[in-house]
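Visitor: just to be clear, the model below is a prediction. Sequence and coordinates:
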Amino acid sequence: MSMRRGQALTGLLFILPAIIFLSVFLIYPTIWTILLSFNDGRGLKFSEWVGFENYINLFTNDPKFLDLSNFPPTGAVFNNVLWVIFNTIFCVSLGLLIAVLADRVKYERIVKAIVFLPMAIAATAVAIIWLFVYSPNPDIGLLNAIITFFNKDFEPIAWTGRADTVNAALIVANIWTSTGFAMVVLSAALKGIPTEIIEASRVDGAKEFQVFRHITVPMLSLAISVVTITLIINVLKVFDIIYIMTLGGPGSASRVLAYTMYAETFQGGKAGYGSAVAVILLILVIPIMALNIRRFRSEGVAR
């Protein structure tokens, strides 16, 4: 018994720094934010208890957060939905395509290094690079310069200055950055597929697309799931590229949840309101993380 107690105490001492770190920097701020979301919370302080009023106002009285009066809807929630759908689909698809094609070329490492390079660039630098790409001045903006070269009658567009193009422009910039992550993870998983299975299928007469569809993709399902969930979590809390490129504009056309939380808390001085946005973001992320953990456990049991 004394040995078991000693081992338990030793184990506790080893994990104690992690417990303290999580308590101070994760658990306490989370509880504090949840409580603050039920307060008026002016100036990052607890003030008047308002219950669910902040949440009700977000969904019913704040068109910057969600506006269902038009079609398509607008607001931060809908913008985040666009990010989740298009950013995730394109990053996973392009990452998988590049991983498969690069595995068949002689200069695989060079190709992967080029695709992964944007991941090594700071988000601020990425935003500035794409601000130049999207500049309405064709002498500076690469995109307008290319279109103008092929169509002399084309009028240069302020891609990040128009409500109908700003979200697509931001998502494309983020895809350029995130595809490298998807490619690296999927490429590593691709290398783990036994070559005997691929060769046997080819001997049996399977075409390349059939091999890809019925063998490669199913055997990469766990890696695809991990990449997809990671990308979804990342875009749910995307902030930096929007802050640098548009500040949520024009107007509120490119606002997302994370930027709304920042704007309401620190620019608007409504910490309670901003905390409600943070709690909503937390509620959206938790089931996605739980799904990821469950998937890992199921794969472990299957093996």
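Guide: On my side now, so go ahead. Residues are numbered from 1 along each chain as shown.

Visitor: Lys106 in helix, strand or coil?
Guide: coil (DSSP: H, G, I helix; E, B strand; the rest coil).

Visitor: neighbours of it, how many?
Guide: The local packing of Lys106 (other CB atoms under 10 Å) involves 7 other residues. Heads up, the C-betas are built off the backbone N, CA and C, glycines and all.

Visitor: where does it land on pLDDT?
Guide: Reading off the confidence values, Lys106 has pLDDT 83.

Visitor: now swap in Pro156 and tell me
Guide: According to the model's per-residue confidence, Pro156 sits at a pLDDT of 89.

Visitor: repeat that for Ala253.
Guide: As predicted, Ala253 sits at a pLDDT of 92.

Visitor: tell me who's in contact with it.
Guide: Residues in contact with Ala253, defined by CB atoms under 8 Å, 6 or more residues apart in numbering, are Thr74, Asn79, Ala163, Val166, Asn167, Thr246.

Visitor: now the buried members of those.
Guide: Judged by neighbour count, with 16 or more other CB atoms under 10 Å as the criterion, the buried members of the contacts of Ala253 are Thr74, Asn79, Val166, Asn167, Thr246.

Visitor: three-state assignment of Tyr273?
Guide: Strictly by three-state DSSP, Tyr273 counts as helix.

Visitor: surely it and Glu264 touch.
Guide: Yes: counting by CB atoms under 8 Å, a contact exists between Tyr273 and Glu264, whose distance comes to 4.7 Å.

Visitor: and the two? which has more neighbours close in?
Guide: Using other CB under 10 Å as the criterion, Tyr273 and Glu264 rank with Tyr273 on top: 28 against 25.

Visitor: residue contacts, the more buried one?
Guide: Tyr273 makes contact with Gly41, Asn54, Asn57, Leu58, Glu264, Thr265, according to CB under 8 Å, 6+ apart.

Visitor: turn these into CSV, including distance to Ser47 and secondary structure.
Guide: As requested, the contacts of Tyr273 are arranged in CSV below (distance: CB to CB, whole Å; DSSP: H, G, I helix; E, B strand; the rest coil):
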residue, distance to Ser47, secondary structure
Gly41, 6, coil
Asn54, 12, helix
Asn57, 16, helix
Leu58, 18, helix
Glu264, 15, helix
Thr265, 14, helix
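
Visitor: buried subset of those residues?
Guide: The neighbour-count test (16+ other CB under 10 Å) applied to the contacts of Tyr273 identifies Gly41, Asn54, Leu58, Glu264, Thr265 as buried.

Visitor: downstream neighbour of whatever helix or strand Ile20 lives in in the secondary structure list?
Guide: Secondary structure assigned from DSSP states H and E places Ile20 in helix 2-22. For helix 2-22, the following helix or strand on the C-terminal side (DSSP H and E) is helix 28-36.

Visitor: name the helices or strands packed onto that next one?
Guide: Packing partners of helix 28-36 (3 or more CB pairs under 8 Å, 6 or more residues apart in numbering; DSSP states H and E): helix 271-302.
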